[in-house]
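In: Quick one: sequence plus predicted model below, questions after.
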Amino acid sequence: MSATVTAPTRPAAAPRPRKAGTAARRRRMLVWIAQHALAIVLALMFLAPVVFLALTALMTDEQALTSDLWPRTWNWDNFATVFAKSQLLRWTANTLLYAGLGTLFTLVSSVPVAYALARFRFRGRQAAFLLVVAAMMLPPQVVAVPVYLVWARLGLTDTLWPLILPMLFGDAFSIFLLRQFLVTIPREYTDAARVDGCSELRTLVSVILPMARPAIAAVALFQFFYCWNDYYGPLLYAGVQQEGWTLSLGLATFKAFHSVQWNLTMAATLLVTAPIIIVFFFAQRVFIEGVTLTGVKG
Amino acid sequence: MASVASAAPSRWRRREGLRALVWLSPWLAGVSVFFVYPLLATVYFSFHHYDLFTLEWAGLDNYRYLLRDPRVVTSAKNTLWLVAVMVPVQTLFSLGLAQLVVRLKAGVGLFRTIFYLPSLVPVAAGTITFVFLMNPSTGPWNQFLALFGVTGPDWFGDPAWSKPSLTLLSVWSCGQIAVIFMAALLDVPRHLYEAAAIDGAGPWRQFRSVTLPSIAPVLMFSAVTGVIYAVQYFAQAMIASRVASGVTDSPGSTFTPGYPDESLLTLPQWLFQAGFRDYQMGYACVLALVLFAASMVFTLLLLWQFRRSEGAA
């Protein structure tokens, strides 16, 4: 019976899907081309600033003041001039100290707090978590005056220590991120370790930490980049002596001291940006996974 | 028997609470020193005149001055502009970019990398680059616009165009948000789209009924952080003003933030100027409380609206 029903429809229906198929395929093809063309144009526009930055960094002083786009001569020694005319190496060392110690302190202090918030059942757990979120949302400028006065009394202003030392007490954003990851680890793992007689600290170090490696790597990278890019903190605390500055602070002031030398300013900008880009290419996956963690779990 | 059974959990619970207290204590100490104490001290200082040397009672003087300070109005207007224009533009562009990238069949990884990279460029470096690129006499941006017959303005030097210039910078460095959106879009179950397509839903309808509800929490989180970020907007505006005006800022210098014409002045910059350049710590504390209130209002407002829209859906 089914054969008698399908038999007459087959010749009528067969050509139609093929025609519709070619039309649909052509449409899909056009959409494919349009999408990729748009992506290529946008990608070029995203890359253009860096390209022009690099081209200007290689021009002579005079040419950088014109509207030329292509260097007439390639002045690679502009980079050497930047090192000679500014304290770029000193700023790099200061920035590394700030970012390195800051990241280390943040991890050591934030992991236990995040673990306790994610695992322990105690009264006020909800309130403690809300406090983390509140601290995370608080603009740093709100508490700037009293905090500055405390550091001034301790004689630590004009150094980077007021930016590094607080990281020993946990960083709200890092705690938030780690906690969001740690709550997703099934309780069975920690319970099993507890049954085996592990102390809470042993459980954290030998069971949780290996499992939380992607989240810890992401938090470390974010904190490092935060410190590396921070402008407000060093502006407030690093003082007026150039020896104490960080890269962001030095770079932002560079133009004022070399006002007619756009080429040198651009060369310095490139030198400050390059290490970040290099680190990115080595740790690309950690970054993308980490960024995803911040958004989706939020 | 019953008393033993009820006593054991409560003792266990107390021990758990004590242990939590021990684990949280370094952070709680940090919160008291860097969060609770400064907030209370800010309120205390706001009723005083303080220039780092002499502290004297001021009553409501600082608050009265707040109401007469034209710069507070200017910075509030600028911040509102950032919240109303820059944050939506950046969010919508990121969403569009993410939609485009997840649809690509070839070179997804490469495109994602290219769009993400600018968000890693240090704020100081990115801002200086844009001030140069958009400089009408030396940069290529206006030459590019001239190809289309458009005469570009003096971007960072024109009060009417300085905020749009920073918006372009924010679009360029939107990679972080775009990557978050990409992950969210890929998390939307495919079968929902197939079901919608069978029901005859076009692309726009699919976006509204399938995509938008699925990514709403992520969109919301990004909007909240975007607005809070706009309220504390500092580095980009400060650096753009400095580099474009060519005047350096140091303690005691005559640099006034917000160049050109205070069009980039935001509350955090004015607070910084008042407290750490003019040494009017008491007044800076009043500004800090305004900033605190503003960020709280925006957070609560957005969270409230989010709950309402979820209830309606």
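Out: Structure received. Numbering: from 1, shown residues only, chains lettered A, B, ... in the order given.
In: for B:Lys163, what are its contacts?
Out: Contacts for B:Lys163 (Cβ atoms under 8 Å, 6 or more residues apart in numbering or on different chains) come out as B:78, B:81-82, B:85-86, B:263-264. Every residue, glycine included, has its C-beta placed from N, CA and C.
In: ok and the residue in the stretch 151-300 of chain B nearest chain A?
Out: Closest approach between the stretch 151-300 of chain B and chain A, counting by Cβ to the nearest Cβ: B:Ile180, at 3.0 Å.
In: cool, chain B as well?
Out: B:Gly30 (2.5 Å).
In: Number of residues surrounding that residue?
Out: 20 (other Cβ atoms under 10 Å in any protein chain shown).
In: got it, and A:Phe281?
Out: Neighbour tally, A:Phe281, other Cβ under 10 Å: 10.
In: do you know how far it is from chain B?
Out: 9 Å (Cβ to the nearest Cβ, to the nearest Å).
In: I'd like the distance between that residue and B:Leu120.
Out: 11 Å (Cβ to Cβ, to the nearest Å).
In: residues in contact with the residue of the stretch 151-298 of chain A at minimum distance from chain B?
Out: Of all residues in the stretch 151-298 of chain A, the one sitting closest to chain B is A:Phe169 (2.5 Å; Cβ to the nearest Cβ). Contacts for A:Phe169 (Cβ under 8 Å, 6+ apart) come out as A:109, B:26-27, B:29-31, B:33-34.
In: what residues are up against B:Val210?
Out: B:Val210 neighbours (Cβ under 8 Å, 6+ apart): B:188, B:192-193, B:196, B:201.
In: which of those count as buried?
Out: Using 16 or more other Cβ atoms under 10 Å in any protein chain shown as the burial test, the contacts of B:Val210 include B:188, B:196, B:201 as buried.
In: Quick check: the gap between the closest residue to the last one other than its chain neighbours and B:Gly30.
Out: Taking Cβ to Cβ, 6 or more residues apart in numbering or on different chains, and ignoring the residues beside it in sequence, B:Ala201 has B:Ser209 as its nearest neighbour in space, at 6.5 Å. Distance, B:Ser209 to B:Gly30, by Cβ to Cβ: 46 Å.
In: for A:Leu251, same thing?
Out: A:Leu251 sits 30 Å away from B:Gly30, taking Cβ to Cβ as the criterion.
In: Look at B:Val207 and report its pLDDT.
Out: For the record, residue B:207 is Phe, not Val. What the model reports as pLDDT for B:Phe207 is 89.
In: just to revisit the earlier point, looking at the contacts of B:Lys163, which are in helices?
Out: Counting by DSSP state H, the part of the contacts of B:Lys163 found in helices is B:78, B:81.
In: could you flag which of the contacts of B:Lys163 are buried?
Out: Here, 16+ other Cβ under 10 Å leaves B:78, B:81-82, B:86, B:263-264 buried among the contacts of B:Lys163.
In: Pick out whichever of these sits closest to A:Pro139.
Out: Using Cβ to Cβ, B:Leu82 comes nearest to A:Pro139 of these, at 13.6 Å.
In: So that closest one sits against B:Tyr229, correct?
Out: No - at 9.1 Å, B:Leu82 and B:Tyr229 do not qualify as touching, with contact defined as Cβ atoms under 8 Å.
In: My reading is that B:Glu56 is in a strand; is that accurate?
Out: Yes - the assignment for B:Glu56 (DSSP: H, G, I helix; E, B strand; the rest coil) places it in a strand.
In: Helix or strand: which one has the nearest residue to it once chain neighbours are set aside?
Out: Excluding the flanking residues, the one nearest B:Glu56 by Cβ to Cβ, 6+ apart is B:His49, at 5.1 Å. If you go by DSSP states H and E, B:His49 is part of strand B:48-50.
In: tell me the mean pLDDT over that strand?
Out: For strand B:48-50, mean pLDDT is 94.
In: what packs against it?
Out: When contacts are defined as 3 or more Cβ pairs under 8 Å, 6 or more residues apart in numbering or on different chains; DSSP states H and E, strand B:48-50 sits against strand B:55-57, helix B:281-312.
In: tally of neighbours for the nearest residue to B:Gly139 once chain neighbours are set aside?
Out: Leaving out its chain neighbours, the residue that sits closest to B:Gly139 by Cβ to Cβ, 6+ apart is B:Leu133, at 4.5 Å. Applying other Cβ under 10 Å, we find 24 residues neighbouring B:Leu133.
In: repeat for B:Leu219
Out: When neighbours are counted by other Cβ under 10 Å, B:Leu219 comes out with 21.
In: hmm, the helix or strand containing it in reach of chain A?
Out: Using DSSP H and E, B:Leu219 sits in helix B:212-231. Yes - for helix B:212-231 and chain A, the contact criterion (Cβ under 8 Å from any Cβ of the partner chain) is met by B:217-218, B:221-222, B:228, B:231.
In: A:Asp230 reaches A:Met167, doesn't it?
Out: No - contact criterion Cβ under 8 Å: A:Asp230 and A:Met167 do not qualify, at 11.7 Å.
In: same question for stretch A:89-106, mean pLDDT?
Out: Here stretch A:89-106 scores 96 as its mean pLDDT.
In: Repeat that for stretch B:271-286.
Out: pLDDT averaged over stretch B:271-286 gives 93.
In: what about it, near chain A?
Out: Yes - Stretch B:271-286 is in contact with chain A by Cβ under 8 Å from any Cβ, via B:271-272, B:275-276, B:281, B:284-285.
In: And that stretch, end to end?
Out: End-to-end span of stretch B:271-286 (Cα to Cα, to the nearest Å): 9 Å.
In: same thing with stretch A:114-126?
Out: Using Cα to Cα, the end-to-end distance of stretch A:114-126 comes out at 13 Å.
In: can you check stretch A:178-193 too?
Out: End to end - Cα to Cα - stretch A:178-193 spans 20 Å.
In: Whichever strand or helix holds B:Gly96: what's the following helix or strand?
Out: Following DSSP H and E, one finds B:Gly96 within helix B:87-103. Using DSSP H and E, the helix or strand that follows helix B:87-103 in sequence is helix B:108-116.
In: Got phi/psi on A:Leu97?
Out: phi -60, psi -50 (degrees, to the nearest 10).
In: Stretch A:223-230 close to chain B?
Out: Yes - counting by Cβ under 8 Å from any Cβ, contacts between stretch A:223-230 and chain B involve A:225, A:228-229.
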